[in-house]
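Colleague: Predicted model follows, preceded by the sequence.
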Protein chains: 2
Amino acid sequence: MSITIVDIAKMCGVGVTTVSRAINNHPDINQETKAMVLQCIKENNYVPNNSARNLKRSVSKTIAVLIKGINNPFFNRMIQVIENEIRKHRYSFHLQRVDPHQDEVEVAIELVKEKRLKGIVFLGGYFTHTKERLEQLTVPFILSTVGMTEDVERNLYSSVSVNDYLESYKMANYLIDQGHHRIAIIAASADDRSIGKLRLEGYKKALSDHGLPYDEALVRHMKGNIEDYSMANGYAVTKELLESGTSFTAIFAISDSLAIGACKAIFDTGKRVPEDYSVAGFDGLDISHFYNPSITTIKQPLDRIAAETIQILFEMIEKKTAHIHKTFPAELVVRDSTRAIQ
Amino acid sequence: MSITIVDIAKMCGVGVTTVSRAINNHPDINQETKAMVLQCIKENNYVPNNSARNLKRSVSKTIAVLIKGINNPFFNRMIQVIENEIRKHRYSFHLQRVDPHQDEVEVAIELVKEKRLKGIVFLGGYFTHTKERLEQLTVPFILSTVGMTEDVERNLYSSVSVNDYLESYKMANYLIDQGHHRIAIIAASADDRSIGKLRLEGYKKALSDHGLPYDEALVRHMKGNIEDYSMANGYAVTKELLESGTSFTAIFAISDSLAIGACKAIFDTGKRVPEDYSVAGFDGLDISHFYNPSITTIKQPLDRIAAETIQILFEMIEKKTAHIHKTFPAELVVRDSTRAIQ
DNA sequence: TTGTAGGCGTTATCAA
DNA sequence: TTGATAACGCCTACAA
């Protein structure tokens, strides 16, 4: 069917070994022979079959990034940095999207065999896997900005992220300090057990620390029939909140996209931000800066998180260090969407 | 090293063929044997090696989507639809990101061999490849919302997209009808030969059709040192435009993100949209609806484009139809960022 | 510096 | 319904 290494060898009048050496620029080959072979390869448009290579190779310097929820603009920048770092280490980079309902560990296990991976980065999503399952992952891996349940033992994996609980607390605290006592929160679905939950907990803690009551009417969960963490979801939830007649002076949305949807809903009822309602987000996406008004948010240090993710992974790969858990502080960025009230 | 099909065969006391049959649920196998084998596989966490499978298999019902510029939020929705359609046809789906500087056809050729692809979708990017190179692509492929130079013969590939030239003309025309005679455009880099160029040409044509002069001072190219089509780029360009003292009443940005950056720049100088300047975008991203003010834009029918892309590809694969080129009309969505002037 | 041959893990062919 | 066995295309001892 397709042209193979044997064909090239014949055409060049050399052995397959020689062709292989030319391709993989192995040292033990005459430069002239190599040039000749390479020339022949180019002329005949020969392309090595990766499946065959991977099958034969015992190792291959490649790192895979498994990303859950690729629609999250949050990850775009991170991937750039991560890819960059991986290439700096002269490894190749494989990006694999994982469906929301797919088991990322299963995908990872398959990929390890297929591509002879050296390491794995899990980006996003929630992580709830049994110890037994994780142990099937025979290469170092690290969770980056992944929500984790507390059930999994921390000595099974490494991780890098911000402290969602604390950062959320920080934001709620700030709003309270600005005089807001009735703060609505746009939270994840009620059964969320990940960052959504953590961010909600942070909010609750801030309230209780200030002696403010926790009012269920102010806790608004994202709609199940609209895309999670989307502007449309923030809009729908806020619309409902406004129409409910519940009184409040600020909205804390657990993502910037939700916050933008919230603003839009407020505008649509003829109200203003921050004059009528303060609105705060979370993540620090570019759009939070460019939106009108610019959105007060918790800015995650994406670049540092990404760089550290790779750094730790390589330490695990090369120095076989133990599991590391790193938490980065995020920054409360006060902008125009929130204001102090009396 | 890792457990293989042979190991499983031995453990079950059957031949490898039988195990293979169990895995691929081939009909010629006793249901009890199959159950037993599958059980054994589960217990031992056996995972078949994909490289070996792909190597041996002559065909595999999978379709790859090669996406250039994954940071474009425009594609997220399209990918969802495309994946969905592919799965409906009971094919598997492989998403592959392509670097901006990488040759997508080269990647495709490699992938065809590695994965035994049945078809390919090229999403985004520019397409400038020689006939010779394209002919190495031995499976059907289709360009979806890809900018194309006119050089490539149209009988070499299929394509689906909007008519960027015409739609751009439509927008410029609309602005002119609203009384704007000095319309700045945020265009691609000067050497762009793709959609950026087409959209600029549409703008030029509209001007000339209305007898308006083409003023170089109003044509602002994106900055090379900032990410293409980003909000930051739109901001920088507009800032410069405003500071240049050039007079204008409207800005036509060739993407929604650029338009948002433009708005921000305008706000930052204390001016308003649309009272002081009208701003229009292109693409119809969600954010164009949610932004404040909502952005007048050209809305591309993403869902239809995506669905049609797959539809045509499958016709090529299954019915071996000829190359098809389909153009969808986009919609001029008038919103709050533009207004009529005297 | 080069070539031969064996094997990577799977599927497909064929005979049993 | 099953099981040997020969490919699939490549890399890599080992030998020359």
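Modeller: Good, I have the coordinates. Residues are numbered from 1 along each chain as shown, chains lettered A, B, ... in the order given.

Colleague: what's the longest helix in chain A?
Modeller: Ranked by residue count under DSSP state H, the longest helix found in chain A is helix A:302-318.

Colleague: Any chance you could list what contacts that helix?
Modeller: Applying C-beta atoms under 8 Å, 6 or more residues apart in numbering or on different chains, the set of residues contacting helix A:302-318 from outside is A:63, A:74, A:77-79, A:81-82, A:85-86, A:89, A:118-119, A:121, A:139-142, A:144-145, A:158, A:160-162, A:284, A:321, A:323-324, A:326, A:328. C-beta: built from backbone N, CA, C; applies to glycine.

Colleague: 6 Å instead, please
Modeller: A:77-78, A:81-82, A:85, A:89, A:118-119, A:121, A:140, A:142, A:144, A:158, A:160, A:321, A:324, A:326, A:328 (C-beta atoms under 6 Å, 6 or more residues apart in numbering or on different chains).

Colleague: Return the distance of A:G15 relative to A:R272.
Modeller: 77 Å (C-beta to C-beta, to the nearest Å).

Colleague: Mark out where each domain of chain A begins and ends.
Modeller: A:5-43, A:52-161+A:302-328, A:164-300 (automatic domain parsing).

Colleague: and B:A265, which of those is closest to it?
Modeller: Nearest of the domains of chain A to B:A265, taken as C-beta to C-beta: domain A:164-300 at 9.6 Å.

Colleague: Let me know how buried A:K204 is, in neighbour terms.
Modeller: For A:K204, the count of nearby residues is 18 (other C-beta atoms under 10 Å in any protein chain shown).

Colleague: host element of it?
Modeller: Using DSSP states H and E, A:K204 sits in helix A:195-209.

Colleague: Which other helices and strands does that helix contact?
Modeller: Packing partners of helix A:195-209 (3 or more C-beta pairs under 6 Å, 6 or more residues apart in numbering or on different chains; DSSP states H and E): helix A:164-177.

Colleague: Next, the closest residue to A:N71 other than its chain neighbours: secondary structure please.
Modeller: Sequence neighbours aside, B:N76 is the residue nearest to A:N71 in space, at 4.5 Å (criterion: C-beta to C-beta, 6 or more residues apart in numbering or on different chains). Following DSSP: H, G, I helix; E, B strand; the rest coil, we place B:N76 in the helix state.

Colleague: got it, and the one 4 residues further on?
Modeller: State at B:Q80, reduced to three classes by three-state DSSP: helix.

Colleague: Look up which helix or strand A:V121 falls in, please.
Modeller: Element membership of A:V121 [criterion: DSSP H and E] is strand A:119-123.

Colleague: Next one: A:I86 from B:S92, what distance?
Modeller: 26 Å.

Colleague: what about those two, which has more around it?
Modeller: A:I86 (23 against 14).

Colleague: Tell me the helix or strand right after the helix or strand bottoming out on mean pLDDT in chain A.
Modeller: None of the helices or strands of chain A scores lower by mean pLDDT, DSSP states H and E than strand A:147-148, at a mean of 75. Going down the chain from strand A:147-148, the next helix or strand is strand A:158-162, by DSSP H and E.

Colleague: Can you list the strands that that next one pairs with?
Modeller: Sheet pairing for strand A:158-162, assigned by DSSP bridges, gives strand A:141-144 (parallel), strand A:325-328 (parallel).

Colleague: So for the longest helix of chain A, what gets flagged as buried?
Modeller: Neighbour-count burial for helix A:302-318, counted by 16 or more other C-beta atoms under 10 Å in any protein chain shown, picks out A:302, A:305-317.

Colleague: Alpha carbons of that helix, in CSV - could you do that?
Modeller: Extracted C-alpha coordinates of helix A:302-318, given in CSV (Å, rounded to 0.1, in the frame of the first residue of the first chain):
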residue,chain,number,x,y,z
LEU,A,302,-1.6,31.0,35.2
ASP,A,303,1.9,31.4,33.9
ARG,A,304,3.5,30.4,37.2
ILE,A,305,1.1,27.5,37.7
ALA,A,306,1.9,26.2,34.2
ALA,A,307,5.6,26.6,34.6
GLU,A,308,5.6,25.0,38.0
THR,A,309,3.5,22.1,36.8
ILE,A,310,6.1,21.2,34.3
GLN,A,311,9.0,21.9,36.6
ILE,A,312,7.6,19.4,39.2
LEU,A,313,6.8,16.8,36.6
PHE,A,314,10.3,16.8,35.2
GLU,A,315,11.7,16.6,38.7
MET,A,316,9.6,13.5,39.2
ILE,A,317,10.7,12.1,35.9
GLU,A,318,14.4,12.8,36.0
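
Colleague: Let me have the domains of chain A in CSV, extended by distance to DNA strand C.
Modeller: Compiled in CSV, the domains of chain A are given as follows (distance: least, C-beta to the nearest atom of the strand, whole Å):
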stretch, distance to DNA strand C
domain A:5-43, 3
domain A:52-161+A:302-328, 4
domain A:164-300, 33
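
Colleague: which of those domains sits most buried?
Modeller: domain A:164-300 (a mean of 21; mean count of other C-beta atoms under 10 Å in any protein chain shown).

Colleague: which ones are touching the residue in the stretch 51-200 of chain A that DNA strand D sits nearest to?
Modeller: Residue nearest to DNA strand D within the stretch 51-200 of chain A (C-beta to the nearest atom of the strand): A:A52, separated by 3.3 Å. Contacts for A:A52 were tallied using C-beta under 6 Å, 6+ apart; they are B:L55.

Colleague: make it 8 Å
Modeller: Here A:A52 is in contact with B:S51, B:L55 (C-beta under 8 Å, 6+ apart).

Colleague: Alpha carbons only: can I get the host helix or strand of it in CSV?
Modeller: Here A:A52, judged by DSSP H and E, is contained in helix A:50-56. The C-alpha trace of helix A:50-56 is given here as CSV (Å, rounded to 0.1, in the frame of the first residue of the first chain):
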residue,chain,number,x,y,z
ASN,A,50,4.3,6.3,13.9
SER,A,51,2.4,3.3,15.1
ALA,A,52,5.3,1.1,14.1
ARG,A,53,7.8,3.4,15.7
ASN,A,54,5.9,3.6,19.0
LEU,A,55,5.4,-0.1,19.0
LYS,A,56,9.0,-0.9,18.7
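
Colleague: Dump the C-alpha coordinates for stretch A:37-44 into CSV.
Modeller: The C-alpha coordinates for stretch A:37-44 follow below in CSV (Å, rounded to 0.1, in the frame of the first residue of the first chain):
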residue,chain,number,x,y,z
VAL,A,37,19.1,8.6,1.8
LEU,A,38,17.4,11.7,3.1
GLN,A,39,17.3,13.0,-0.4
CYS,A,40,15.6,9.8,-1.6
ILE,A,41,13.1,10.0,1.2
LYS,A,42,12.2,13.5,0.3
GLU,A,43,11.8,12.7,-3.3
ASN,A,44,9.5,9.8,-2.6
